[in-house]
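S.K.: predicted model follows, preceded by the sequence.
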Amino acid sequence: ICVIGSGYVGLVAAACFAEMGHRVICVDNDEVRVKLLQEGGVPIFEEHLPELLARHRDKGVVFTSDLGGAVESSEAIFIAVGTPQGESGAADLSYVEAVVSEIARSIRGYKVIVEKSTVPVYTNEWIRRVLHRHGVDPSSFHVVSNPEFLREGTAVCDFMHPDRIVVGVGDERSAALMRRIYEPL
């Protein structure tokens, strides 16, 4: 599993996926943050997160700024980057677009691209168009929606003991992979 973004949602998802038994590559373009995480630091406060990261660092979860390498070696790519509100109140999808463009340059074989960031409805269609614009063969990916329902301070517990997991898929192949990923829960 590749988790892009070491902010709140991305870091919690990476640690929890590792706790569930998955091998996780957590990617961020901020070299200082990546170094901090590699050295055992935790850039956010979240109950249980330091313990999970300490238990799984360099075993179940690794931190890197090499997005291309992470995409190549992962079946599922979770996009968990910031989508700050713009001046009009709409989500700014520029970080999502930058990440999707980089993913497009790195796809070698079939990938499930999972949108985990807080985004408007139909963003998965927009992601497909960005991938097509970059010449990615439509048979080499599926885009899945998997919104997060985490509360700050209890995000690890919320992730590991959810009252629901919402996954929007349009095909059986990506549905099977998402079931396998979340099966431990």
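M.R.: It's in.
S.K.: same for the worst-scoring helix or strand of the chain on mean pLDDT, what does it pack against?
M.R.: Within the chain, no helix or strand scores below helix 94-106, which has a mean of 90 by mean pLDDT, DSSP states H and E. Here helix 94-106 touches helix 67-72, strand 76-79, strand 111-115, helix 123-133, going by 3 or more CB pairs under 8 Å, 6 or more residues apart in numbering; DSSP states H and E. In this view, the C-beta of every residue, glycine as well, is placed from N, C-alpha and C.
S.K.: orientation of that helix relative to helix 123-133 in degrees?
M.R.: 40 degrees (axes from the mean of the first three to the mean of the last three CA atoms, to 10 degrees).
S.K.: quick one, what contacts the spatially closest residue to E19 that is not a sequence neighbour?
M.R.: Distances taken as CB to CB, 6 or more residues apart in numbering put L52 closest to E19, at 5.5 Å, once the chain neighbours are dropped. Counting by CB atoms under 8 Å, 6 or more residues apart in numbering, L52 touches A15, C16, A18, E19, V156.
S.K.: which one (most neighbours) among these?
M.R.: Of all these, A15 has the most neighbours under the rule other CB atoms under 10 Å, reaching 31 neighbours.
S.K.: ok, that one to W126 distance?
M.R.: As judged by CB to CB, to the nearest Å, A15 and W126 stand 29 Å apart.
S.K.: could you do K116 as well?
M.R.: 15 Å.
S.K.: swap in V12?
M.R.: 25 Å.
S.K.: the two: which has the busier surroundings?
M.R.: For V12 versus W126, neighbours defined as other CB under 10 Å are more numerous around V12 (25 against 17).
S.K.: ok, the more buried one touching L49?
M.R.: Yes - with contact defined as CB atoms under 8 Å, V12 reaches L49; the gap is 6.5 Å.
S.K.: pLDDT below threshold where in the protein?
M.R.: Filtered on pLDDT under 70, the chain yields the residue ranges 84.
S.K.: tell me who's in contact with the closest residue to C2 other than its chain neighbours.
M.R.: In this structure, C2 finds its nearest non-sequential neighbour in S74, 3.7 Å apart by CB to CB, 6+ apart. For S74, the contact set (CB under 8 Å, 6+ apart) comprises I1, C2, I25, K111.
S.K.: could you rerun that using 7 Å?
M.R.: I1, C2, I25 (CB atoms under 7 Å, 6 or more residues apart in numbering).
S.K.: who wins for most neighbours among those?
M.R.: C2 (27 neighbours).
S.K.: would you confirm that it contacts G69?
M.R.: No - between C2 and G69 there is no contact under CB atoms under 7 Å: 9.4 Å.
S.K.: against C16, how distant is the closest residue to R128 other than its chain neighbours?
M.R.: Closest residue to R128 apart from its sequence neighbours, by CB to CB, 6+ apart: V143 at 5.5 Å. For V143, the distance to C16 equals 22 Å [CB to CB].
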